[in-house]
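**Q** Below are the sequence and a predicted model; questions follow.
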Amino acid sequence: MILELRARAARLLPEGRLLPDAVWQRRHRAIVRLCLASSALLVIFAWLRGYGQPAAVAVILAVAGPVALAVLPQLGRKGQAAATTVSLMAASVALVHLWQGVTESHFIFFVMVGVVSLYQDWVPYGIALLMVILHHGAVGTVYPHVVFSHEAQHNPWVWAGIHGAFVLAASLAHLAAWRLNEDQVLSDPLTGLANRTLLEEITHRVLQRGGAVSLLFIDLDDFKDVNDSRGHAAGDELLLVLSDRLRGCVRPGDVVARIGGDEFAVVVHGGPDVARAVGERVLTSLALPVPLDGGSVTVHGSVGVAASTDGGDGTAGALLRNADLAMYLAKAQGKNRLVVYADGMAEAARRRAGLAQDLADAAVAGQLEVHYQPIVRLTDGRTTGFEALVRWNHPERGLIPPFEFIPLAEETGAITGIGRWVLRAALRQGAAWSTRTGAPLRMAVNVSPRQFQDGDVVRDVVAALEETGFPAGQLTLEVTEGVLVRDADSVVAQLEELRALGIRIAIDDFGTGFSGLSYLRHLPADIIKIDRSFVSDLPQDRSATTLITSIVELARTLGLGVVAEGVETEEQRQTLVDLDCAQAQGYFFARPEPADRCTAHLPMPLPRVPAPAGPPAAERLRGARTV
């Protein structure tokens, strides 16, 4: 109960930033030197005023004595600041007694209050106020002619209160100036919320008080798309609205901060259960549409939660780092969700960072290889082509699953270089197989949305075709919904250029994510690839059967080819045949394997067929771009 009352009382006091240790130490050393200088000057002043050796010794003990404690680091900041404050206030008392009856001598109290304000802590203020009241009251009662020079001698405690009030007023004036100056550098200029520096200092202060404290790390999902599509002014307006909503989601005493462009954090007084409740309110509030010029916008958020009870070093930095890790996991799990930090996330993050560093040089180091999975015609089981799939054989960790390193490559941008390398390797292999079998084998290569964003896909494809001699008409490029996220018009234009070369475009993972019809409305496509999640439910799930039937019929109407992914059983294959699906791939036919293990899946060699007449791909591209 006492600790709770103490904590509540402490929260009532205005608090500024916690000084960085290096800054605090510099100020403390200067104040210690001032204490020693004050002691020496007062001894000289005592001799000049005719006081003897006992007075000089008393001054030294009262003023220089506390300095011995002020240099002990084990006392901590508050203990050391208290010692120097006692020394400075003792110097003020000594001057008043050495300069008896002179009212101006009392001005030194205000000077010393200004000095101790450099600590930016309430402890020195409290000590200064207490010493003024005790000195003026107690000593003024015993030696009124020394402390006072007017009618105050008859009412020393009243005047002690008056002097104390003036000292308190001076303290508040210093505090107000301190806080007003801090507001310029410790708040976000756009939203008025606390910034990252203040967030860390508040978290550190709350942790020092003890008790459970949690931190929410909030990142707005795909906020960059708002800036790109509507402009930064609309983005700022959206941030202002969302900032007000965050304020409305927290409880009194909790602190909301903006720590980055679209990143926010909340310091919550309580454990993970309390923080989770606040986080759920945040997700609900963010999901509400925000009216802006040009139409409303809905922005979701990913929330990571960490608590002081999670273990670790118990610092503000560790709490923020853990919440950040949990937020990234929420992003990886699909966004618009809340994840609470758990043991092992930090190790996973270190592993991920190490993989990202190794991945940047994986292609140059020869660690990447391409595996090929045959695509078969369901009517006769003949292989019509292959899909090229990249694999990473790490020198220390062995074969790393694609679901682990492909998203990492997307995030870091390494996928652009990896994509170029896979394209060239796949086309070289496709050209070799086509020459060997005499059959126009198709090669399907995945193209990442990041490749459209960071590079020139058309130039890269044309260069690979020219380098390998692989016919453009046998190449299929597979894209997903992600290519439409940014600058859809530019992506569509590039895909049209590729189709003009004879390259076919396949929509991968059709039926997941955005609406499939929305794909077909925006993307120039030749092939639909039915996602494995639908095929896996065949033949038992009637809804999956109905859906695939609809996709096949839609593709036939639009003149598109269909490839079913993830076929693993004879029942699934037969059902797809009955549904008139033309082609398929999956473990039932073959797993992805290195090129030297795919011989059994190659069609039998055919009589050599002359290459079709026509200009090379590069010339056709130049002709298409000049039309």
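**A** Thanks, I have the structure now.
**Q** For residue 387, list each beta-bridge partner.
**A** residue 373, residue 444 (DSSP bridges).
**Q** Tell me who's in contact with it.
**A** 372-373, 375, 444-446, 478, 585, 592 (CB atoms under 8 Å, 6 or more residues apart in numbering). From N, CA and C alone the C-beta is placed, and that goes for glycine too.
**Q** Tell me the spacing between it and residue 548.
**A** Distance, residue 387 to residue 548, by CB to CB, to the nearest Å: 19 Å.
**Q** Show the low-confidence segments of the stretch 51-200 of the chain, by residue range.
**A** 101, 103-104, 136-185 (pLDDT under 70).
**Q** in it, which spans are helices?
**A** Using DSSP state H, counting those that start in this stretch, the helices of the stretch 51-200 of the chain run over 53-59, 67-70, 76-98, 107-116, 122-134, 140-142, 144-147, 156-183, 196-209.
**Q** So what touches the first one?
**A** Read that as helix 53-59. So helix 53-59 is contacted by 39, 42-43, 46-47, 94, 98 (CB under 8 Å, 6+ apart).
**Q** Equivalent analysis for the second one, please.
**A** Residues outside helix 67-70 that contact it (CB under 8 Å, 6+ apart) are 28, 32, 35-36, 39, 75, 79-80, 83-84, 87.
**Q** buried stuff in the strand or helix carrying residue 423?
**A** Element membership for residue 423, per DSSP states H and E: helix 414-437. For helix 414-437, burial by neighbour count (16 or more other CB atoms under 10 Å) applies to 414-431, 433-434.
**Q** returning to what we had before: quick one, which of the contacts of helix 67-70 are buried?
**A** For these, buried by 16+ other CB under 10 Å: 28, 32, 35, 39, 80, 83-84, 87.
**Q** just those residues now: which is nearest residue 467?
**A** residue 28 (68.1 Å; CB to CB).
**Q** From what I see, the closest one and residue 81 are in contact.
**A** Yes: with contact defined as CB atoms under 8 Å, residue 28 counts as touching residue 81 (7.2 Å).
**Q** Overlap of the contact sets of these two?
**A** Shared contacts of residue 28 and residue 81, counting by CB under 8 Å, 6+ apart, come down to residue 119.
**Q** Pull the number of nearby residues for residue 493.
**A** 12 (other CB atoms under 10 Å).
**Q** Not counting its neighbours along the chain, what's nearest residue 131?
**A** residue 89 (4.3 Å; CB to CB, 6 or more residues apart in numbering).
**Q** What is the nearest of the contacts of residue 387 to residue 568?
**A** Of the contacts of residue 387, the one sitting nearest to residue 568 (CB to CB) turns out to be residue 585, at 10.7 Å.
**Q** so what's the closest one up against?
**A** 373-376, 387, 563-567.
**Q** Tell me where the stretch 351-500 of the chain has strands.
**A** With DSSP state E, counting those that start in this stretch, the ranges of strands along the stretch 351-500 of the chain come out as 368-377, 383-394, 398-400, 442-446, 475-479.
**Q** need those in TSV with distance to residue 529 and mean pLDDT, can you?
**A** Compiled in TSV, the strands of the stretch 351-500 of the chain are given as follows (distance: least, CB to CB, whole Å; pLDDT from 0 to 100):
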stretch	distance to residue 529	mean pLDDT
strand 368-377	10	94
strand 383-394	9	93
strand 398-400	24	86
strand 442-446	9	95
strand 475-479	7	94
